[in-house]
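Asks: Have a look at this prediction, sequence included:
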Amino acid sequence: MVVEAAEGKFQVDWPRLMFGISKDEIIWRVPWTLQTVLQVMFLWFLAFWLVGSWIIPFAAHMIGFSKDSLTYRGQALYSLITDVAEGTIGLGILHQCLLRFQPLSREWFPLSWHGKWYIEACLGCLMFPLVNRLSQINLDLLPFPSPLTSSNVEQSITARDPVATILYAIVVSVCAPIWEEVIFRGFLLPSLTRYLPVWASVVVSAFAFSVAHFSIQRLLPLTVLGLVMGIVFVRSRNLLASMLLHSLWNSFVFLDLLR
């Protein structure tokens, strides 16, 4: 109930009214402390930066080529390799940091094809027009060039290279949603519930998700998108739901570039 009676007075359940989740939502049993949470996130951010900005470019240089000299298909494959490397190392860091807490209970990193999780994901899609509108507002307030539209992705789309387009689609609609959801919704959000209410954990994890994209001009829409995906995950208790929603949003943006 959004409005509840207590000692003759009506109280508004603001978390349920605003986020669709109750302030009394069942929290996770978190076996680690904030130190582990900060360790995972710091190492994840560091690895993300090192792999994408230094390790992969250095490895390419040692082999004898640079990204700028590649064809559209080569650049798309380069992006796919980079994303897979970032995701693999990030998940490896998560696994290593949580190794001493094994075995984890089944409530952690839940992936199940059972239930109606897909309905929650579809309901989340109703927020896409708002997120899209916020993207334009953010760009109007901070009119910097978008990293996505100024990158090799747009150049490949303009060139209408089908192979490059498919490779980029795999990156944005398959790879990124998987490992980003494991980190931000699977790990960070539940971990924060040891110290914060569930709704506040959703907010903080959403902001961290937005910051992780290193894009000031997308800070507002990505934060709202993170809120929606966090709510979908909390309500469904299934990472497949937030992964699907994440994939659909990325696909929506990617297809918009194809027009």
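Replies: Received, thanks. Numbering: from 1, shown residues only.
Asks: show me where the stretch 151-259 of the chain has helices.
Replies: 152-159, 162-170, 176-181, 189-192, 198-211, 219-236, 239-258 (DSSP state H, counting those that start in this stretch).
Asks: Rebuild those helices as TSV, extending it with distance to residue 44, mean pLDDT and mean neighbour count.
Replies: Where C-beta positions appear, they are placed from N, C-alpha and C, glycine not excepted. Below are these laid out as TSV (distance: least, CB to CB, whole Å; pLDDT from 0 to 100; neighbours: other CB atoms under 10 Å):
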stretch	distance to residue 44	mean pLDDT	mean neighbour count
helix 152-159	23	64	17
helix 162-170	22	90	18
helix 176-181	10	95	21
helix 189-192	13	96	25
helix 198-211	10	95	21
helix 219-236	16	95	24
helix 239-258	17	92	20
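Asks: closest one to residue 33 among those?
Replies: Distances from residue 33 to each of those were compared using CB to CB; the shortest belongs to helix 189-192, at 9.3 Å.
Asks: returning to what we had before: relative to residue 127, which of the helices of the stretch 151-259 of the chain is closest?
Replies: With CB to CB as the criterion, residue 127 lies closest to helix 219-236 of the helices of the stretch 151-259 of the chain, at 4.9 Å.
Asks: Next, the angle helix 239-258 makes with the closest one.
Replies: For helix 219-236 against helix 239-258, the angle by axes from the mean of the first three to the mean of the last three CA atoms, to 10 degrees is 150 degrees.
Asks: quick one: which of the helices of the stretch 151-259 of the chain is nearest residue 92?
Replies: With CB to CB as the criterion, residue 92 lies closest to helix 176-181 of the helices of the stretch 151-259 of the chain, at 10.5 Å.
Asks: The closest one - contacts with which helices or strands?
Replies: helix 72-97, helix 239-258 (3 or more CB pairs under 8 Å, 6 or more residues apart in numbering; DSSP states H and E).
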